[in-house]
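Enquirer: Here is a sequence with its predicted model. Questions after.
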Amino acid sequence: MERKQFLRSLGAGAAFAITFPCLGSCSKDSETEGIIVAQPTDVDFTIDLNSSEAAKLANNGGFILKNLVVVVKNLEGEFVAATQICSHEQYDQVRFINQDGGIFYCDVHGSRFSQEGTPLNEIPNSISKPLKIYNTALEGTILRVFE
Ligand code: FES
C-alpha cells in the first residue's frame with residue numbers, strides 16, 4: 001500500500017494527525033526540550049579557531065556545538081569537549097555553563113557534570129552516569145576533538 005493510499009484509508013482526521021503532529025506549540029517545545037539522540041561514535045574532527053564557526057571559542061567560557069559535541073574554552077582558557085547527549089535520558093541538551101568554575105549542564109531534568117564528566121547531582125529515580133568526555137589537542141589554530 002502506498003503512503004497516499006494508507007493515509008486515505010485512515011480518514012482525514014487521522015491522516016492530519018499523522019502528517020502534522022507538531023503544528024502549534026510543538027516546534028517551540030522541541031527546541032527547548034531537545035530530542036533524544038544516540039551517542040556519537042568515532043568522534044574525530046577539527047575546528048579552525050580562525051573560522052567563523054569557532055567565533056564563540058575566542059573567549060573563556062564560550063562553547064560551540066559540532067557533530068553532537070560541546071566544544072568549550074573553559075574559564076581557564078583550556079579546551080574541553082563533552083558529548084551533547086545527556087547520560088540521563090539521551091536528550092541532546094548538554095551545554096557548558098559558567099557555574100561552580102564551569103560545568104556541563106542539561107536543562108531537561110537538571111543534570112550537572114564536572115568537566116571530567118563526573119555527575120554532580122542526582123536526578124530522582126535514576127542512576128547518575130558519567131558524561132562522555134573527548135580529548136582535545138591544539139596545533140597552531142587547529143583544534144582537534146577526538147576519542
Ligand atoms: S536528559 Fe539530561 S537531565 Fe535528563
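Expert: Yep, it's here. Numbers count the residues shown, from 1 in each chain.

Enquirer: For this structure, which segments are assigned as strands?
Expert: Taking DSSP state E to define them, one finds strands in the chain at 44-48, 63-66, 69-73, 79-83, 94-97, 103-106, 111-113, 133-139, 142-146.

Enquirer: Spell out which parts of the chain neighbour the ligand.
Expert: By Cβ under 6 Å from any ligand atom, the residues of the chain that approach the ligand are Cys86, His88, Glu89, Tyr91, Gln93, Cys106, Val108, His109, Gly110, Ser111, Ile123. Glycine gets a C-beta too; all of them are placed from N, C-alpha and C.

Enquirer: Flag the helix or strand of this structure with the lowest per-element mean pLDDT.
Expert: Of the helices and strands making up the chain, the lowest-confidence element is helix 12-19, at a mean of 38, by mean pLDDT, DSSP states H and E.

Enquirer: how many neighbours does the closest residue to Leu138 other than its chain neighbours have?
Expert: Nearest residue to Leu138, sequence neighbours excluded (Cβ to Cβ, 6 or more residues apart in numbering): Phe79, at 6.3 Å. As a burial measure, Phe79 scores 19 neighbours (other Cβ atoms under 10 Å).

Enquirer: any idea how far Gln37 lies from the ligand?
Expert: Just to correct that, residue 37 is Val rather than Gln. Counting by Cβ to the nearest ligand atom, to the nearest Å, the gap between Val37 and the ligand amounts to 11 Å.

Enquirer: mind listing what the residue nearest to that residue when sequence neighbours are not counted touches?
Expert: In this structure, Val37 finds its nearest non-sequential neighbour in Asp92, 4.7 Å apart by Cβ to Cβ, 6+ apart. Residues near Asp92 by Cβ atoms under 8 Å, 6 or more residues apart in numbering: Gly34, Ile35, Ile36, Val37, Leu68, Gln84, Ile85, Cys86.

Enquirer: returning to what we had before: could I get the strands of the chain as a markdown table with mean pLDDT and distance to Ala55?
Expert: Output for these, formatted as a markdown table (pLDDT from 0 to 100; distance: least, Cβ to Cβ, whole Å):
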| stretch | mean pLDDT | distance to Ala55 |
| --- | --- | --- |
| strand 44-48 | 98 | 11 |
| strand 63-66 | 98 | 8 |
| strand 69-73 | 98 | 11 |
| strand 79-83 | 98 | 15 |
| strand 94-97 | 98 | 15 |
| strand 103-106 | 98 | 21 |
| strand 111-113 | 97 | 25 |
| strand 133-139 | 98 | 17 |
| strand 142-146 | 98 | 13 |
